[in-house]
Each structure stands twice: as structure tokens, then as C-alpha cells.
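1. Provided below are the primary sequence and the corresponding predicted coordinates.
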2 protein chains.
Amino acid sequence: MTTVLIVDDEPQILRALQINLHAHGYTVVPAPNGTTALAAAQTQAIDVVVLDLGLPDMDGLDVIAGLRGWTEVPIIVLSARHASHDKVEALDAGADDYVTKPFGLDELLARLRAATRRAGPQTSEPLVETAEFTVDLANKSVLRGGTPVRMTPTEWNVLELLVRNPGRLISQQQILTEVWGPAYAKETHYLRVYMGQLRRKLERDPAAPVHLLTEAGMGYRFAP
Amino acid sequence: MTTVLIVDDEPQILRALQINLHAHGYTVVPAPNGTTALAAAQTQAIDVVVLDLGLPDMDGLDVIAGLRGWTEVPIIVLSARHASHDKVEALDAGADDYVTKPFGLDELLARLRAATRRAGPQTSEPLVETAEFTVDLANKSVLRGGTPVRMTPTEWNVLELLVRNPGRLISQQQILTEVWGPAYAKETHYLRVYMGQLRRKLERDPAAPVHLLTEAGMGYRFAP
DNA sequence: GGACGGCGTTAAGAACACGTAAAAACAAGC
DNA sequence: GCTTGTTTTTACGTGTTCTTAACGCCGTCC
């Protein structure tokens, strides 16, 4: 059974899609705005997202970004806007498809089939585990020995970047530009402070790290 | 570098796409009909297919079917037909996306990016292997007998340059200018020190190297 | 045979990068 | 306006890497 998260602020469209998709064998999770959509995506297993860009509470692009932060679930964007740059923005933000209104239901169904066919069996777990701690990318939480570890925003951003690339060496510049911004590419001492904090929170022996490794002169590496 | 197979029977469109995509950094393989398209897909590594449905020699749907028989390369369909059932047929035949003419070039580029992003990470693993060690260019890591070998920045730069050109002779000046900078082109003794360190870390018998070879008076060569 | 140039090895000081702690600056909530 | 939590500075000790020099080896050329 395929579960579809439908995000649309117009109740009648939401309802119409809900009925039609249900009639075609989909399990439908409705969401009238971006906030509930993001919340729903975190609490339930979603196979594909149908997203209307015109939402009352937040920009549709931010919804895409919010989802793409931790999941690769297919996103099909619905929009009344035909302009080229709207499509480009949505697709580059991480959407998989862009359908302009008005659209035929059978076309949407076909695109849903195409999107789910590609994704195939959902295997990607947003969990990264080590012998010492577990990082939950979806919940933005870290568990160590069963108990949660508090992370400050900056600590989380650094940790997330490293953990998303297990085994890969990340240069100081890359971490600094992605977490602090391009203007901070030279502030390498920030990193020393934050790597120290992360190690103190996550490593058994912070002075002899096993998972958050330093490669002198090159960068840092997360070893699972 | 991403390689795009473009299938279109109209020479001017084929040519226009070829020029535009090339200008945006894509390698383009053109095909005027279905037969040559299928042949080209078999002989070359294709990252994404752009397919016009109106072909002289065979039905576009059959081209999709012919590709889907053995590959999951992303297929973006171009078509003048707006009818719903055309889109449904193409998508259900295995196409990933369906763009109706006329379309904006930037939209096509965005859809190309979306298609390659999805399939992206699995393609082209930059791994260089020898009997003694393995160099992972993406992760900037070296494995020898399953255990990682630490490299200093300079060691890595020299090794990477050699390994990226397997079998090719690299002159001393070339290594020095690329790693240390043009001002150091004469400091050949640096190389002796670093080649020694690399051999000590990577060769079974550093005194009789098998992979990091010296060509007296000329330069160094990496033999896989 | 001996001098010479290119190469490999080793060792040690200099230069640089890193880790840690603690204080100052800043932001958010009450 | 105060408190609390977070980020940014600052300072200093330690560890790693780079550079440089010295020496030995092996060929070639005089």
C-alpha cells in the first residue's frame, strides 16, 4: 500500500484528491498547510508527497527544503504558476516533478506511479548508528546509551554534515561554509571549539576520539 | 561530467539542444531516430535520456520499452502532444518525466538536474585499486589490507595527482607546480622525501616499489 | 678509478595546526 | 532588566607536518 501525503490549502481540492486517490488504492494523509505537512511526514511513513506551492503559513519551497533536510521521498509539486523560473526553483529545491494546474487526474496518477516506481522499495533509514551513539536525522535528535543528548543548533549542523557523509573526509572550509556561511571559511578555530564540544558529548574518551576524527591539515571525518 | 543522449528527428532542434546543453557542461550524444538511439545507449555510458516521441522509424513508446528492458537510466520525454493519455502512456511505459512543447530551456535544464540528482550518487565511483592498496578519491581515504592509512595533506596531493593519471608519466616539475606551486618547480628534493614516505606507507617493499615508480631523470609514474 | 649527478633515506628544528579551558559578547525568554 | 543558554574570542600548551640538511647508494662520464 502506497501512502501519499497531500498538502493543499484549498479544502475542496484536498478533499477531491483524497477521494480520488483513495479510490485508486492509495492511503492518503491530508495536510492543509506546511507546518502540519512537515509534522505528518516525521510521524508517519510517507511514500510520496503531493505539494501545492500556495500555502498560507509558509513558502512551498521551504516545505521542500524542510523535507529534503532528512528524506529523499519523491515530491510532486502542483502549482497554478506556469512561469519557467517557478518550476526551476521548485525542482532545484529538491522537487521531483512539477505539474501545472489545471491537470488531469489520470496524469497525476501516472506521475505518482512514475515517482513511486523510481523510489522503489523504501530502504533509506534516516538513522545513523555507531557503537557509542545514534543520530536520528529525521527527529534531529541524538541518543547515547538510550538517553537523549542535547545539541545546540550549531553543534547539530556540524554533526549532521559529518554524519550524512560517513567515511568521507570533509574539509574545514566545507564545514565552515555550509554551517556558518562562505564569509567564515577562514575561521577554523570555530571548528576546534565545536568539535571539542561534540566529542565531549559523544565520545567515550574525548581525548582519543573514535568516531569524530581529525585529519590534521585536511579536515574531519565521521567513522561509523 | 554528465552524458545526455538526445533523441529527436528534427535536425534544428537536435542541434539547438546539443549546443545549449554543451554550453551548460553536459556531454551530448545526439541520435536522429530510435534505432541509433538504442544502439548508442548500448555502446556508451549514458546518464540521462531526452527523448522526443515523434520519431520516423519507430514509436517513441517502443524506444522507452527498449531502454527499460535493461537499464534504469532516467528518461525525460519531450512531446508536442498535450493530451492526457499520451502522458499517461509514456510515463507508464517507463519514462520519468514528460515535458510538453514548447518548453523553456531553463525548465528542461532543471528537470535534467532533478533527474540526475535522483540517480546521481550511484554513478561513477572514483575508486582506484591496486593489488596492495585502494585509493578512494571521493572520500579522500586510502585503504591497505582493509585498514585505513593516514595521509598528510602534501602526501595526499602527490598521491592523488599520480593516481588520477594511472600509467602516465608525470614530470617532476608538474608535480611540484601542482602541489607546491610554480615557485617550487626546482625543489626536486621535496619529491624524493615525499615519494619515500608514500612508498613506506603503501608499498610492500618500499625499496623495490611496484606501483609508485621512478623514471630516472624524467618523473614518476603510478602503475595500477 | 674517481668525480659527478640523480636518487633514496633519515633526522631535527621551524612552522603550522589542533585541543582545551575560560571569559566575553550576544540572543532569547520571562 | 535579569537569567539562561549559545556563540564568539582569547590564550596557551601540545602535537603534527613541512622544510632543510646531511649522508649513502648507484649509475654514468671523464
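-> Noted; the coordinates are in hand. Numbers count the residues shown, from 1 in each chain, chains lettered A, B, ... in the order given.

2. Which residues of chain A lie near DNA strand C?
-> By Cβ under 7 Å from any atom of the strand, the residues of chain A that approach DNA strand C are A:172, A:188-189, A:191-193, A:195-196, A:199-200, A:206-207, A:214-219. Backbone N, C-alpha and C define where each C-beta goes, glycine included.

3. what does stretch A:197-214 rub up against?
-> A:130-133, A:142, A:144, A:149, A:151, A:155, A:158-159, A:162, A:195-196, A:220-224 (Cβ atoms under 8 Å, 6 or more residues apart in numbering or on different chains).

4. Now, the residues you listed that are in helices?
-> Those of these mapping onto helices are A:155, A:158-159, A:162, A:195-196, per DSSP state H.

5. Which among those count as buried?
-> Those of the ones in helices among the contacts of stretch A:197-214 that meet the buried threshold are A:155, A:158-159, A:162, A:195, by 16 or more other Cβ atoms under 10 Å in any protein chain shown.

6. so where do the helices sit in chain A?
-> Going by DSSP H, chain A shows helices at A:11-23, A:34-43, A:60-68, A:84-93, A:105-119, A:153-163, A:172-179, A:188-202.

7. So is the fifth one next to chain B?
-> Yes - using Cβ under 8 Å from any Cβ of the partner chain, we find that helix A:105-119 touches chain B at A:106-107, A:109-111, A:113-114, A:117-118.

8. Which of the residues you listed sits closest to residue B:7?
-> residue A:114 (18.7 Å; Cβ to Cβ).

9. shouldn't the closest one be in contact with residue B:96?
-> Yes - with contact defined as Cβ atoms under 8 Å, residue A:114 and residue B:96 form a contacting pair (6.0 Å).

10. Not counting its neighbours along the chain, what's nearest residue A:92?
-> Leaving aside its chain neighbours, residue A:92 sits nearest to residue B:110 (5.8 Å; criterion: Cβ to Cβ, 6 or more residues apart in numbering or on different chains).

11. Could you report the neighbour count for that neighbour?
-> Counted by other Cβ atoms under 10 Å in any protein chain shown, the residues lying close to residue B:110 total 21.

12. Can you name the residues that contact it?
-> Contacts of residue B:110 by Cβ under 8 Å, 6+ apart are A:87-88, A:91-92.

13. buried subset of those residues?
-> Here, 16+ other Cβ under 10 Å leaves A:87-88, A:91 buried among the contacts of residue B:110.

14. which among those residues are in contact with chain B?
-> Applying Cβ under 8 Å from any Cβ to these, those adjacent to chain B are A:87-88, A:91.

15. Domain parsing of chain A, as residue ranges.
-> Chain A breaks down into these domains under automatic domain parsing: A:3-118, A:127-222.

16. Same list (these) but as JSON lines, adding mean pLDDT.
-> As requested, those are exported to JSON lines (pLDDT from 0 to 100):
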{"stretch": "domain A:3-118", "mean pLDDT": "91"}
{"stretch": "domain A:127-222", "mean pLDDT": "95"}
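
17. which one of these has the most crowded surroundings?
-> Comparing those by mean neighbour count (mean count of other Cβ atoms under 10 Å in any protein chain shown), domain A:3-118 ranks first with a mean of 18.

18. how far does that one sit from the chain's center?
-> 15 Å (Cα atoms, centre = their mean, to the nearest Å).

19. Stretch A:129-137 now?
-> 17 Å.

20. swap in stretch A:173-192?
-> For stretch A:173-192, the distance to the chain centre is 22 Å (Cα atoms, centre = their mean).

21. what sits up against that stretch?
-> In contact with stretch A:173-192 (Cβ under 8 Å, 6+ apart) are residues A:154, A:157-158, A:161-162, A:172, A:219-220.

22. and which of these is nearest DNA strand D?
-> Nearest to DNA strand D, judged by Cβ to the nearest atom of the strand, of these is residue A:154 at 3.2 Å.

23. So the closest one versus residue A:38, what's the distance?
-> 22 Å (Cβ to Cβ, to the nearest Å).

24. who wins for proximity to DNA strand D among the domains of chain A?
-> Using Cβ to the nearest atom of the strand, the domains of chain A put domain A:127-222 closest to DNA strand D, at 3.0 Å.

25. So what's the gap between the closest one and the chain middle?
-> 18 Å.

26. And stretch A:110-122, by the same measure?
-> So, by Cα atoms, centre = their mean, the centroid of stretch A:110-122 is 18 Å from its chain's centroid.

27. So the spatially closest residue to residue A:103 that is not a sequence neighbour versus residue A:18, what's the distance?
-> Distance criterion Cβ to Cβ, 6+ apart; nearest residue to residue A:103, sequence neighbours excluded, is residue A:78 at 7.3 Å. Computed as Cβ to Cβ, the residue A:78 to residue A:18 distance reads 14 Å.

28. Check residue A:146 too.
-> 39 Å.

29. and if you look at residue A:37?
-> Taken as Cβ to Cβ, the span from residue A:37 to residue A:18 is 14 Å.

30. Show me which residues of chain A sit near chain B.
-> A:72, A:84-85, A:87-88, A:91-92, A:94-98, A:104, A:106-107, A:109-111, A:113-114, A:117-118, A:167-169, A:215-219, A:221.

31. Max pairwise distance over the ones in helices among the contacts of stretch A:197-214: which two?
-> Greatest spatial distance in the ones in helices among the contacts of stretch A:197-214: A:162 and A:196, 14.1 Å, computed using Cβ to Cβ.

32. got the contact list for the closest residue in space to residue A:216 that isn't next to it in sequence?
-> Closest residue to residue A:216 apart from its sequence neighbours, by Cβ to Cβ, 6+ apart: residue B:152 at 7.1 Å. Residue B:152 is in contact with A:216-218, counting by Cβ under 8 Å, 6+ apart.

33. overlap between those and the residues near DNA strand D?
-> A:216-217.

34. Return the closest of the contacts of residue B:152 with respect to chain B.
-> residue A:217 (4.1 Å; Cβ to the nearest Cβ).

35. Skipping adjacent residues, who's closest to that closest one in space?
-> residue B:153 (4.1 Å).

36. pretty sure the one you found is touching residue A:171, no?
-> No - checked against Cβ under 8 Å, the pair residue B:153 and residue A:171 is beyond contact range at 10.0 Å.

37. where do the contact lists of those two overlap?
-> By Cβ under 8 Å, 6+ apart, the residues touching both residue B:153 and residue A:171 are residue A:218.

38. tell me the contacts of residue A:101?
-> If you count contacts by Cβ under 8 Å, 6+ apart, then residue A:101 has A:78-80 around it.
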